[in-house]
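> Fold the following, please.
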Amino acid sequence: MTTETKTTDQPRTTSDSRSEYTEICLPNDTNMLGTMLGGRVMHLVDVCGAIAAMRHARGPVVTASVDQMTFLHPIHVGELVRLKSQVNRVFHSSMEVGVKVWVENLHTGGMKHTSSAYLTFVALDSQGARVRIPPILPETEEEHRRYAQAAKRRANRLAMKNRTRAEPEE
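You can find the predicted model right below:
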């Protein structure tokens, strides 16, 4: 018999959720121009974000939303895709995770920031019901800035969600 210990009231630090994910861009990941498909980049962003969310929730999570993504630089075959993520803020059973994507040229060592995104994940129990998760404890000035900005982004997401629900069906 196993017992689950839920420490939902004990805050966890932002650094506890930090995650990194790397992958080489292979030919199967690319379009006809030899650059990584945008959908593949989005998939990697989702995976890296989910890892940070699961580290914080210590359980399963699902993606609830993804904010806008812009692709600043292409990722070519043979280049290294580097992703970093962390939980920015917790809102009961949901949390905002920021993910940043870089491309590294393994021949020159040069790095370029290619994309960033904010994702909302919801923590679930083994039955698929939402569960309350611990608050996040920002420690650095940068973490406090991200924490404050996450509340504004959440307000925008909820307003957009309400506008979408109010639109008449065609």
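> which one's the longest helix in the protein?
helix 141-166 (DSSP state H).
> For that one, list every residue counted as buried.
143, 146-147, 150, 153-154, 157 (16 or more other C-beta atoms under 10 Å). In short, each C-beta sits where N, CA and C put it, glycine included.
> With pLDDT as added columns, please give these in TSV.
Compiled in TSV, these are given as follows (pLDDT from 0 to 100):
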residue	pLDDT
143	95
146	95
147	94
150	94
153	91
154	91
157	87
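> the helices in this protein, which residues?
Remark: helices assigned in the chain by DSSP H are 14-17, 38-57, 141-166.
> so for the first one, what's the average pLDDT?
Predicted confidence along helix 14-17 averages 92 (mean pLDDT).
> And that helix, how far out from the chain middle?
13 Å (C-alpha atoms, centre = their mean, to the nearest Å).
> List the contacts of it.
By C-beta atoms under 8 Å, 6 or more residues apart in numbering, the list of residues contacting helix 14-17 from outside reads 52-53, 55-56, 85-88, 97, 136-140, 143, 146.
> likewise stretch 73-84?
For stretch 73-84, contacts defined as C-beta under 8 Å, 6+ apart pick out 18-27, 29-30, 33-36, 41, 44-45, 48, 99-106, 111-114.
> where's the residue minimising distance to the centre of the chain relative to residue 132, distance?
Centroid-nearest residue in the chain, with C-alpha atoms, centre = their mean: residue 49, separated by 2.9 Å. Distance of residue 49 to residue 132, given as C-beta to C-beta, to the nearest Å: 20 Å.
> show me where pLDDT drops low in this protein?
Low-confidence segments of the chain, defined by pLDDT under 70: 1-8.
> Note down every partner strand of the longest strand seen in it and its orientation.
Secondary structure of the chain per DSSP state E: the longest strand is strand 111-123. Paired strands of strand 111-123, with direction, are strand 61-66 (antiparallel), strand 94-104 (antiparallel) (DSSP bridges).
> quick one: which of these is nearest residue 168?
Across the strands paired with strand 111-123, residue 168 has its closest neighbour in strand 61-66 (22.2 Å, C-beta to C-beta).
> Report the buried residues of the closest one.
residue 61.
> what angle sits between it and helix 38-57?
Computed by axes from the mean of the first three to the mean of the last three C-alpha atoms, to 10 degrees, the angle separating strand 61-66 from helix 38-57 equals 130 degrees.
> who wins for proximity to residue 166 among the strands paired with strand 111-123?
The nearest among those, by C-beta to C-beta, is strand 61-66 at 17.5 Å.
> orientation of that closest one relative to helix 141-166 in degrees?
Going by the same axes, to 10 degrees, strand 61-66 makes 70 degrees with helix 141-166.
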